[in-house]
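Student: With the input below, show me the fold.
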Amino acid sequence: MSLHLVCGDGAADALHRAVEAGVLVEKRIRVMPDDLAVGPLSDVDNPPCQQRAAFWHELGGEVLREREIAIELGTDLNWLRSPDASIVTLWHGDSASEQLLLRRICALLPAHVTLRSVGAGSGQCRCDDRHAIAMLKPVELANALAASHEVDATERQCLGEDWQRALADNAELRLWLDGQLSGVGYEHIDRVLLDSASESWRPVQSVIGPTMAYVEGLFVSDLLAAWRLREQVAAGHLALRGEDFWNNAEVRLA
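Tutor: Predicted structure coming up:
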(Lines give C-alpha, C1' and ligand atoms only; values in the text may rest on other atoms or scores of the structure.)
Protein backbone atom coordinates (compact mmCIF):
# COMPACT_ATOMS: atom_id res chain seq x y z
CA MET A 1 0.00 0.00 0.00
CA SER A 2 1.35 3.43 -0.92
CA LEU A 3 0.40 7.07 -0.57
CA HIS A 4 1.50 10.62 -1.31
CA LEU A 5 2.58 12.79 1.64
CA VAL A 6 2.53 16.58 1.43
CA CYS A 7 2.96 19.60 3.67
CA GLY A 8 -0.18 21.73 3.83
CA ASP A 9 -3.64 21.79 2.31
CA GLY A 10 -2.50 23.81 -0.72
CA ALA A 11 -0.09 21.06 -1.74
CA ALA A 12 -2.80 18.45 -1.27
CA ASP A 13 -5.12 20.45 -3.52
CA ALA A 14 -2.41 20.56 -6.20
CA LEU A 15 -2.01 16.78 -6.07
CA HIS A 16 -5.77 16.25 -6.19
CA ARG A 17 -5.86 18.34 -9.37
CA ALA A 18 -3.08 16.16 -10.79
CA VAL A 19 -5.09 13.03 -9.95
CA GLU A 20 -8.14 14.51 -11.69
CA ALA A 21 -5.97 15.33 -14.70
CA GLY A 22 -4.86 11.71 -14.86
CA VAL A 23 -1.15 12.36 -14.32
CA LEU A 24 -1.05 10.73 -10.87
CA VAL A 25 -2.23 7.15 -10.50
CA GLU A 26 -2.03 6.78 -6.71
CA LYS A 27 -4.99 8.66 -5.22
CA ARG A 28 -4.18 8.39 -1.50
CA ILE A 29 -2.89 11.71 -0.20
CA ARG A 30 -2.02 12.47 3.41
CA VAL A 31 -1.49 16.03 4.62
CA MET A 32 0.88 17.17 7.35
CA PRO A 33 -0.39 20.68 8.22
CA ASP A 34 2.29 21.79 10.68
CA ASP A 35 4.48 24.62 9.37
CA LEU A 36 7.74 23.26 10.74
CA ALA A 37 9.68 26.36 9.67
CA VAL A 38 7.98 28.46 12.35
CA GLY A 39 8.07 28.37 16.13
CA PRO A 40 9.59 26.12 18.79
CA LEU A 41 10.32 22.49 17.91
CA SER A 42 11.58 21.28 21.28
CA ASP A 43 8.59 19.01 21.97
CA VAL A 44 7.24 18.43 18.46
CA ASP A 45 8.40 14.79 18.57
CA ASN A 46 7.24 14.28 22.16
CA PRO A 47 3.46 14.04 22.65
CA PRO A 48 1.36 15.75 23.80
CA CYS A 49 3.43 18.54 22.14
CA GLN A 50 1.93 21.11 24.50
CA GLN A 51 4.51 23.84 23.91
CA ARG A 52 4.13 23.68 20.14
CA ALA A 53 0.34 23.50 20.34
CA ALA A 54 0.29 26.53 22.64
CA PHE A 55 2.47 28.43 20.17
CA TRP A 56 0.03 27.81 17.31
CA HIS A 57 -2.95 28.80 19.43
CA GLU A 58 -1.22 32.06 20.35
CA LEU A 59 -0.27 32.74 16.73
CA GLY A 60 -3.63 31.83 15.22
CA GLY A 61 -5.88 33.39 17.84
CA GLU A 62 -9.54 33.16 16.91
CA VAL A 63 -8.78 31.44 13.61
CA LEU A 64 -7.32 28.36 15.32
CA ARG A 65 -9.29 28.51 18.57
CA GLU A 66 -11.49 25.51 17.77
CA ARG A 67 -8.61 23.32 16.51
CA GLU A 68 -7.39 20.58 18.86
CA ILE A 69 -3.83 21.18 17.77
CA ALA A 70 -2.11 19.06 20.42
CA ILE A 71 -4.19 16.05 19.36
CA GLU A 72 -3.45 16.75 15.69
CA LEU A 73 0.29 16.95 16.35
CA GLY A 74 0.26 13.73 18.33
CA THR A 75 -1.75 11.92 15.67
CA ASP A 76 0.64 12.98 12.91
CA LEU A 77 3.66 11.97 14.98
CA ASN A 78 2.21 8.53 15.70
CA TRP A 79 1.51 8.08 11.99
CA LEU A 80 5.08 8.98 11.04
CA ARG A 81 6.37 6.35 13.45
CA SER A 82 3.89 3.72 12.31
CA PRO A 83 2.37 4.63 8.91
CA ASP A 84 -0.43 2.70 7.25
CA ALA A 85 1.63 2.43 4.07
CA SER A 86 4.60 0.42 2.85
CA ILE A 87 5.64 3.11 0.36
CA VAL A 88 5.53 6.84 1.17
CA THR A 89 6.07 9.34 -1.63
CA LEU A 90 7.01 12.71 -0.17
CA TRP A 91 6.61 15.87 -2.26
CA HIS A 92 8.80 18.87 -1.49
CA GLY A 93 9.64 22.15 -3.18
CA ASP A 94 11.26 25.35 -1.96
CA SER A 95 9.17 25.71 1.17
CA ALA A 96 11.35 25.47 4.26
CA SER A 97 8.51 23.52 5.86
CA GLU A 98 8.57 20.97 3.05
CA GLN A 99 12.31 20.58 3.40
CA LEU A 100 11.97 20.12 7.14
CA LEU A 101 9.20 17.56 6.69
CA LEU A 102 11.50 15.56 4.40
CA ARG A 103 14.15 15.53 7.11
CA ARG A 104 11.69 14.73 9.86
CA ILE A 105 10.37 11.76 7.92
CA CYS A 106 13.90 10.48 7.38
CA ALA A 107 14.43 10.66 11.14
CA LEU A 108 11.15 9.04 12.18
CA LEU A 109 9.90 6.76 9.42
CA PRO A 110 10.57 3.05 10.11
CA ALA A 111 13.40 1.65 8.00
CA HIS A 112 11.19 -1.02 6.44
CA VAL A 113 8.94 1.65 4.88
CA THR A 114 10.13 2.71 1.44
CA LEU A 115 10.53 6.47 1.09
CA ARG A 116 10.41 8.12 -2.31
CA SER A 117 11.43 11.76 -2.70
CA VAL A 118 9.80 14.04 -5.29
CA GLY A 119 11.74 17.30 -5.47
CA ALA A 120 10.18 20.15 -7.41
CA GLY A 121 12.02 23.30 -6.47
CA SER A 122 14.98 25.48 -7.36
CA GLY A 123 16.90 24.52 -4.22
CA GLN A 124 16.27 27.73 -2.33
CA CYS A 125 13.46 30.01 -1.25
CA ARG A 126 14.35 33.34 -2.88
CA CYS A 127 11.51 35.79 -3.36
CA ASP A 128 12.03 35.97 -7.13
CA ASP A 129 12.39 32.22 -7.72
CA ARG A 130 10.64 29.79 -5.40
CA HIS A 131 8.15 27.02 -5.89
CA ALA A 132 6.17 25.23 -3.24
CA ILE A 133 4.24 22.13 -4.28
CA ALA A 134 0.98 24.08 -3.95
CA MET A 135 2.09 26.38 -6.79
CA LEU A 136 2.67 23.68 -9.40
CA LYS A 137 0.43 22.62 -12.28
CA PRO A 138 -0.41 18.95 -12.96
CA VAL A 139 2.11 18.69 -15.80
CA GLU A 140 4.86 20.11 -13.56
CA LEU A 141 3.97 17.61 -10.85
CA ALA A 142 4.07 14.79 -13.41
CA ASN A 143 7.55 15.87 -14.53
CA ALA A 144 8.74 16.01 -10.95
CA LEU A 145 7.38 12.55 -10.24
CA ALA A 146 9.18 11.16 -13.28
CA ALA A 147 12.46 12.39 -11.79
CA SER A 148 11.77 11.09 -8.27
CA HIS A 149 14.03 8.65 -6.49
CA GLU A 150 14.03 6.25 -3.57
CA VAL A 151 15.83 7.63 -0.54
CA ASP A 152 18.41 5.07 0.50
CA ALA A 153 19.62 4.37 4.04
CA THR A 154 22.64 6.66 3.77
CA GLU A 155 20.62 9.63 2.56
CA ARG A 156 17.93 8.97 5.16
CA GLN A 157 20.53 9.01 7.91
CA CYS A 158 22.09 12.25 6.65
CA LEU A 159 18.73 14.04 6.31
CA GLY A 160 17.58 12.65 9.64
CA GLU A 161 20.64 14.20 11.27
CA ASP A 162 19.61 17.56 9.76
CA TRP A 163 16.30 17.18 11.57
CA GLN A 164 18.00 16.42 14.86
CA ARG A 165 20.10 19.56 14.46
CA ALA A 166 16.98 21.62 13.84
CA LEU A 167 15.46 20.21 17.03
CA ALA A 168 18.60 20.99 19.01
CA ASP A 169 18.87 24.54 17.63
CA ASN A 170 15.17 25.20 18.35
CA ALA A 171 15.34 28.53 16.49
CA GLU A 172 12.31 30.79 16.15
CA LEU A 173 12.41 30.45 12.35
CA ARG A 174 14.11 28.05 9.95
CA LEU A 175 15.08 29.22 6.45
CA TRP A 176 15.79 27.31 3.24
CA LEU A 177 18.47 29.14 1.24
CA ASP A 178 21.19 27.88 -1.10
CA GLY A 179 20.29 24.28 -0.39
CA GLN A 180 20.77 24.69 3.36
CA LEU A 181 18.55 25.08 6.40
CA SER A 182 19.47 27.74 8.94
CA GLY A 183 17.87 29.16 12.07
CA VAL A 184 17.08 32.83 12.65
CA GLY A 185 14.88 34.95 14.90
CA TYR A 186 11.51 36.56 14.24
CA GLU A 187 13.27 39.83 13.41
CA HIS A 188 13.89 38.27 9.98
CA ILE A 189 10.17 38.79 9.34
CA ASP A 190 9.77 41.91 11.45
CA ARG A 191 12.28 43.91 9.38
CA VAL A 192 10.21 43.45 6.23
CA LEU A 193 6.99 44.10 8.14
CA LEU A 194 8.22 47.40 9.57
CA ASP A 195 9.73 48.47 6.25
CA SER A 196 6.29 47.98 4.68
CA ALA A 197 4.64 50.35 7.15
CA SER A 198 4.73 54.14 7.04
CA GLU A 199 3.92 57.09 9.28
CA SER A 200 0.50 57.34 7.63
CA TRP A 201 -2.42 55.05 8.37
CA ARG A 202 -2.64 52.27 5.81
CA PRO A 203 -4.82 49.15 5.52
CA VAL A 204 -3.42 46.16 7.38
CA GLN A 205 -3.34 44.21 4.10
CA SER A 206 -0.88 46.71 2.62
CA VAL A 207 1.64 45.66 5.25
CA ILE A 208 0.80 41.96 5.44
CA GLY A 209 0.95 41.51 1.65
CA PRO A 210 4.57 42.64 1.17
CA THR A 211 5.62 40.69 4.25
CA MET A 212 4.24 37.51 2.68
CA ALA A 213 5.94 38.31 -0.62
CA TYR A 214 9.38 39.58 0.34
CA VAL A 215 10.71 37.52 3.23
CA GLU A 216 13.59 35.41 1.97
CA GLY A 217 13.96 31.80 3.03
CA LEU A 218 10.41 30.82 3.90
CA PHE A 219 6.82 31.26 2.81
CA VAL A 220 5.12 33.61 5.29
CA SER A 221 1.41 32.86 5.75
CA ASP A 222 -1.17 35.56 6.36
CA LEU A 223 -1.65 34.26 9.92
CA LEU A 224 2.08 34.45 10.61
CA ALA A 225 2.35 37.98 9.19
CA ALA A 226 -0.70 39.07 11.19
CA TRP A 227 0.77 37.64 14.38
CA ARG A 228 4.07 39.45 13.88
CA LEU A 229 2.13 42.66 13.19
CA ARG A 230 0.24 42.27 16.48
CA GLU A 231 3.53 41.56 18.27
CA GLN A 232 5.02 44.77 16.86
CA VAL A 233 1.97 46.68 18.07
CA ALA A 234 2.43 45.18 21.54
CA ALA A 235 6.11 46.18 21.46
CA GLY A 236 5.17 49.77 20.64
CA HIS A 237 6.69 49.83 17.16
CA LEU A 238 3.36 49.95 15.31
CA ALA A 239 -0.04 51.48 16.02
CA LEU A 240 -3.26 49.71 15.06
CA ARG A 241 -6.85 50.94 14.79
CA GLY A 242 -10.11 49.44 13.57
CA GLU A 243 -12.53 46.88 15.00
CA ASP A 244 -12.20 44.20 12.30
CA PHE A 245 -8.54 43.26 11.80
CA TRP A 246 -8.98 41.63 8.40
CA ASN A 247 -11.54 44.00 6.89
CA ASN A 248 -11.12 47.56 8.11
CA ALA A 249 -8.11 47.76 10.45
CA GLU A 250 -5.31 50.23 9.69
CA VAL A 251 -1.70 50.34 10.83
CA ARG A 252 1.12 52.88 10.94
CA LEU A 253 4.52 53.32 12.51
CA ALA A 254 4.19 54.35 16.14
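Student: So which residues of the stretch 1-150 of the chain form strands?
Tutor: Ranges of strands within the stretch 1-150 of the chain are 2-7, 29-32, 87-92, 114-119, 149-150, based on DSSP state E, counting those that start in this stretch.
Student: which other helices and strands contact the last one?
Tutor: Counting by 3 or more CB pairs under 8 Å, 6 or more residues apart in numbering; DSSP states H and E, the packing neighbours recorded for strand 149-150 are strand 114-119. Yep, even glycine has a C-beta here, placed from its N, CA and C like the rest.
Student: could you give the angle of the strand it packs on to strand 87-92?
Tutor: On the basis of axes from the mean of the first three to the mean of the last three CA atoms, to 10 degrees, strand 114-119 is oriented at 20 degrees to strand 87-92.
Student: Buried residues in the one helix or strand Val192 maps to, which are they?
Tutor: When elements are assigned from DSSP states H and E, Val192 belongs to helix 187-196. Within helix 187-196, the residues scored as buried using 16 or more other CB atoms under 10 Å are His188, Ile189, Asp190, Val192, Leu193, Leu194, Ser196.
Student: Specify the next element, helix or strand, located C-terminal of it.
Tutor: Next helix or strand after helix 187-196 toward the C-terminus (DSSP H and E): strand 202-203.
Student: so the helix or strand following that next one versus helix 187-196, what angle?
Tutor: Sequence-wise, the next helix or strand downstream of strand 202-203 (DSSP H and E) is helix 205-214. Angle of helix 205-214 versus helix 187-196, following the same axes, to 10 degrees, is 140 degrees.
Student: domains of this structure?
Tutor: Split into domains by automatic domain parsing, the chain comes to 2-174, 186-253.
Student: one step back: could you work out the most separated pair of the buried residues of helix 187-196?
Tutor: Farthest pair in the buried residues of helix 187-196 (CB to CB) is His188 and Ser196. Separation: 14.1 Å.
Student: before we move on, the earlier item: tell me which of the domains of the chain sits nearest to Gln180.
Tutor: domain 2-174 (8.5 Å).
Student: Mind checking the pLDDT average for the closest one?
Tutor: The average pLDDT for domain 2-174 rounds to 96.
Student: remind me, longest helix of the protein?
Tutor: For the chain, the helix that runs over the most residues, judged by DSSP state H, is helix 153-169.
Student: Show me what that one is packed up against.
Tutor: Looks like helix 153-169 contacts helix 96-108, strand 180-184 (3+ CB pairs under 8 Å, 6+ apart).
Student: Beyond it, next helix or strand please.
Tutor: Next along the chain from helix 153-169, counting by DSSP H and E, comes strand 173-177.
Student: Can you give the contact residues for that next one?
Tutor: Among residues not part of strand 173-177, those counted as contacts by CB atoms under 8 Å, 6 or more residues apart in numbering are 36-38, 94-96, 99-100, 124-126, 166, 181-186, 188-189, 216-218.
Student: buried subset of these?
Tutor: 36-38, 94-96, 99-100, 124-125, 166, 181, 183, 186, 188-189, 217-218.
Student: Could you give me the buried positions within stretch 40-55?
Tutor: Residues of stretch 40-55 classed as buried by neighbour count (16+ other CB under 10 Å): Leu41, Asp43, Val44, Asp45, Cys49, Arg52, Ala53, Phe55.
Student: er, stretch 73-82 actually
Tutor: Leu73, Gly74, Asp76, Leu77, Trp79, Leu80.
Student: I figured the first one was touching Pro47, is that so?
Tutor: Meaning Leu73. Yes - counting by CB atoms under 8 Å, Leu73 does reach Pro47; the two are 7.3 Å apart.
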